[in-house]
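**Q** sequence and predicted structure, then a few things I'm wondering about:
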Amino acid sequence: MKKKSLKDRLLSLSIISSILIGIASSFVVTYAAIINKFVAPNNLQYAVSGYSAYFASGQGIDTDPFIINESDHLRNLQKINSLGVFNENTYFQLGKDFTYEGDALLPIGTDDMPFNSNFDGMGHTITNLVVNGANTRDVGMFGYVGINGKVSNMILNHPTINLTANTAGDYNST
């Protein structure tokens, strides 16, 4: 029996390693597909009525929407939306005209966590709204409204959108 050369042994080892890596990869892909099919689609549906303390009133449903009457309510909407709690069955309304005060608002909704709810301004006006839009593509009071989201019937009087140079590296804003 002829003894294999080092080159032949390395080639055999390389082939065996490639086969084992391929088998392991197929298990990983299969596992990911199973997780995606059976676990991911089971989206949690949060009881949004528990968030009523963050707004003037309301339960967040179409017949009793969350009411936004001041700057803090609007900031609460942005913060809670960024957690992915609200969906297309969550409703918001402006309850009155108000002047925006305090810390600047970050955009409501991003491409990572879009605003997919319903916002009806009821014809009310928000005066002097300030939005900080640094390091994001999603700029404005509503930065990114998803396919299931709806924003309507409001007026922004003298809004300010602050943009600074982007440092995130994957898009430009100045």
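**A** Received, thanks. Numbers count the residues shown, from 1 in each chain.
**Q** surely G123 and D97 touch.
**A** No: with contacts counted by Cβ atoms under 8 Å, G123 stays clear of D97, the gap being 9.2 Å. For glycine as for every other residue, the C-beta is placed from the backbone atoms N, C-alpha and C.
**Q** neighbour count: these two, which is higher?
**A** D97 (16 against 11; other Cβ atoms under 10 Å).
**Q** does the residue most central in space within the chain count as helix, strand or coil?
**A** With the centre of the chain defined as its mean C-alpha position, the nearest residue by Cα atoms, centre = their mean is M113, 0.7 Å away. State at M113, reduced to three classes by DSSP: H, G, I helix; E, B strand; the rest coil: coil.
**Q** not counting its neighbours along the chain, what's nearest T99?
**A** Nearest residue to T99, sequence neighbours excluded (Cβ to Cβ, 6 or more residues apart in numbering): T127, at 4.5 Å.
**Q** burial count for the one you found?
**A** So T127, with other Cβ under 10 Å, has 14 neighbours.
**Q** which residues of this structure fall in strands?
**A** Per DSSP state E, the chain carries strands over the ranges 66-68, 91-94, 98-99, 118-120, 125-127, 130-132, 150-152, 155-157, 160-162.
**Q** can you get me a residue count around Y51?
**A** Look at Y51: counted by other Cβ under 10 Å, it has 20 neighbours.
**Q** show me what contacts it?
**A** Y51 is in contact with G60, F66, I80, V85, counting by Cβ atoms under 8 Å, 6 or more residues apart in numbering.
**Q** nothing else from me, thank you.
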